[in-house]
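Undergrad: model the structure of this input:
(chains A, B, C and D)
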2 protein chains.
Amino acid sequence: MSEVIVEQIRSLIRADKLRPGDRLPSERALCEQMGVSRVTVREALRVLEAAGLVAIRVGARGGAFVTTPSSTKLSANLADLVNLSPMTAPEVIEARQVVELGIIETVIERATEKDVDELREMTREHQAALKRGEYSMEMSAAFHVRVAQCTHNAAIEMLVHSFHGPLLMSLREAQVAAPLMGHRGTSEHREFVEAIAARDVEKAREIMAKHLRRTSQRIARVQASREKGKEV
Amino acid sequence: MSEVIVEQIRSLIRADKLRPGDRLPSERALCEQMGVSRVTVREALRVLEAAGLVAIRVGARGGAFVTTPSSTKLSANLADLVNLSPMTAPEVIEARQVVELGIIETVIERATEKDVDELREMTREHQAALKRGEYSMEMSAAFHVRVAQCTHNAAIEMLVHSFHGPLLMSLREAQVAAPLMGHRGTSEHREFVEAIAARDVEKAREIMAKHLRRTSQRIARVQASREKGKEV
DNA sequence: TCCTAACGACGATATGACCATAAGCCGCCC
DNA sequence: GGGCGGCTTATGGTCATATCGTCGTTAGGA
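TA: As a prediction, this is how the structure comes out:
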């Protein structure tokens, strides 16, 4: 079975026998090596690719390369869960609130001067973009991710990153990206950064709580109107 | 490309044209329908299967059935990320602490009588198992997941559930499941349940914080000894 | 009526062939 | 002599066909 091949390669990667950037043998070589047909090997590689463990390039010197995994695939899977399972967008938002509020203390504790400077720069750019009418949900998401990076904890960063994918998609699907009310959003971002700079946990919590509450209300309205649309 | 097929089917599922339990056409039928070969269709189905969107059964009346997605696959992916990416076990634990402490307020707000009763029953069973020498990490994980269920939020539940998978694996790999120090763990669990029953947020937080701190120290020791083992 | 054996539908795998792509090489032309 | 374009070749992508294992299903016999 091809599942066996998948597990075999996966464990090779886990055991550090294969490291990110390494190239696996060619499909034809793997066939021979494992004693199976090319179809089977290909199915295994496809699964690994879908899991984000390898990237496949075509052409000469192509093949399957071990990748340093990222949260992208995870985010995509999460998006599926949100859309297909008993998990609803409001629930995801609530989870997001737990995380983003929960990390504030750590953020304030660990944010470096560089972190704060970059956050300030980011809010400046966002407000400029807003004036040009180019402010987007992606920028807002980027801000929240950058805040999470201040924890200097890859797991937390990934968590926040993962949450934004599904939410963005949820909004995009509903095609309501236009009326952003970005003014209050960006100025809240700026206030939040200053609270971090001042190492004021209480204030930062307060601002972020308000900010997330507004966002969640907006998404709730979107959700409601979409449900309504379904009924019609 | 088979990616196209994947997206096509995926969007069919998203658009509710295909619902959980539905059976997709047979491979041979899909070939004809999409104008591609069986290999291509199979690769697409394998990817969907790996993503947890369909389950494939063999034999007569077999085929690809749309599944109601669960967090299982997501959890597996998360485990990969933990093991393969710059993300370390201590980082995951910190993230877990953020979530499990962050939800306490919600847990206390929403826990029903039934929730509390079941938690009490669970701790009783666990203490009995401990006396029989059968207490395991799985039981501890189950407790934390059950607590998360009290939020009645599928996203949060999945989050906590996902965290325990990688951590358990991390411990099992290091083969240190034996010396559990389960006595303090289970009694802390019991105290925690009573704090929930009493709707005492502060006390619950305090107990859980202490509990998680002890667990994280234990895992840190495991990590340290494993690193040491690697060097040798 | 009930049990069993043959049938058919369907996925799993194998084989061999051909196409598309892209990197590297070599020769041609300036 | 150097730069550039076409050729070579390794490699993934796709296809057609064939065979096998696994099941429901069903028909025939006890």
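
Undergrad: ok, residue A:205 - contacts?
TA: Residue A:205 makes contacts with A:101, A:104, as judged by Cβ atoms under 8 Å, 6 or more residues apart in numbering or on different chains. C-beta coordinates here come from the backbone N, C-alpha and C atoms, glycine included.

Undergrad: try it again at 6 Å.
TA: Residues near residue A:205 by Cβ atoms under 6 Å, 6 or more residues apart in numbering or on different chains: residue A:104.

Undergrad: how close does it sit to residue A:133?
TA: According to Cβ to Cβ, to the nearest Å, residue A:205 and residue A:133 sit 32 Å apart.

Undergrad: repeat for residue A:56
TA: 40 Å.

Undergrad: neighbour count for the two, which is higher?
TA: Neighbour count, other Cβ atoms under 10 Å in any protein chain shown: between residue A:56 and residue A:133, residue A:56 has more, with 16 against 8.

Undergrad: wasn't the more buried one part of a helix?
TA: No - looking at residue A:56 with DSSP: H, G, I helix; E, B strand; the rest coil, it is strand, so not inside a helix.

Undergrad: in terms of helices and strands, where is residue A:193?
TA: Residue A:193 belongs to helix A:182-197 when assigned by DSSP states H and E.

Undergrad: nope, residue A:105 is what I was after
TA: Counting by DSSP H and E, residue A:105 is part of helix A:104-110.

Undergrad: indicate the residue of chain A located nearest to DNA strand C.
TA: residue A:59 (2.1 Å; Cβ to the nearest atom of the strand).

Undergrad: need phi/psi at residue A:65.
TA: Here is the backbone geometry of residue A:65 (degrees, to the nearest 10): phi -110, psi 130.

Undergrad: so who does it touch?
TA: Here residue A:65 is in contact with A:23, A:55 (Cβ under 6 Å, 6+ apart).

Undergrad: if you set the cut-off to 8 Å instead, what comes out?
TA: Counted by Cβ under 8 Å, 6+ apart, residue A:65 has contacts A:21-24, A:54-57.

Undergrad: likewise residue A:147?
TA: Residue A:147 is in contact with A:100, A:103, A:107, A:119, A:160, A:192, A:196, counting by Cβ under 8 Å, 6+ apart.

Undergrad: can you check residue A:148 too?
TA: A:100, A:103, A:107, A:156-157, A:159-161.

Undergrad: okay if I get these as a markdown table plus pLDDT?
TA: Converted to a markdown table, these look like this (pLDDT from 0 to 100):
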| residue | pLDDT |
| --- | --- |
| A:100 | 94 |
| A:103 | 95 |
| A:107 | 95 |
| A:156 | 89 |
| A:157 | 88 |
| A:159 | 84 |
| A:160 | 87 |
| A:161 | 85 |
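
Undergrad: just the strands in chain A please.
TA: Using DSSP state E, the strands assigned to chain A run over residues A:54-57, A:63-66.

Undergrad: of these, flag the one that's most buried.
TA: Comparing those by mean neighbour count (mean count of other Cβ atoms under 10 Å in any protein chain shown), strand A:63-66 ranks first with a mean of 20.

Undergrad: any residue of it touching DNA strand D?
TA: Yes - interface with DNA strand D: strand A:63-66 contributes A:63-64 (Cβ under 7 Å from any atom of the strand).

Undergrad: for residue A:35, find the nearest of the strands of chain A.
TA: Nearest of the strands of chain A to residue A:35, taken as Cβ to Cβ: strand A:63-66 at 18.4 Å.

Undergrad: interface residues of chain A facing DNA strand D?
TA: Contacts of chain A with DNA strand D, taken as Cβ under 7 Å from any atom of the strand, map to A:26-28, A:38-39, A:42, A:45, A:56-64.
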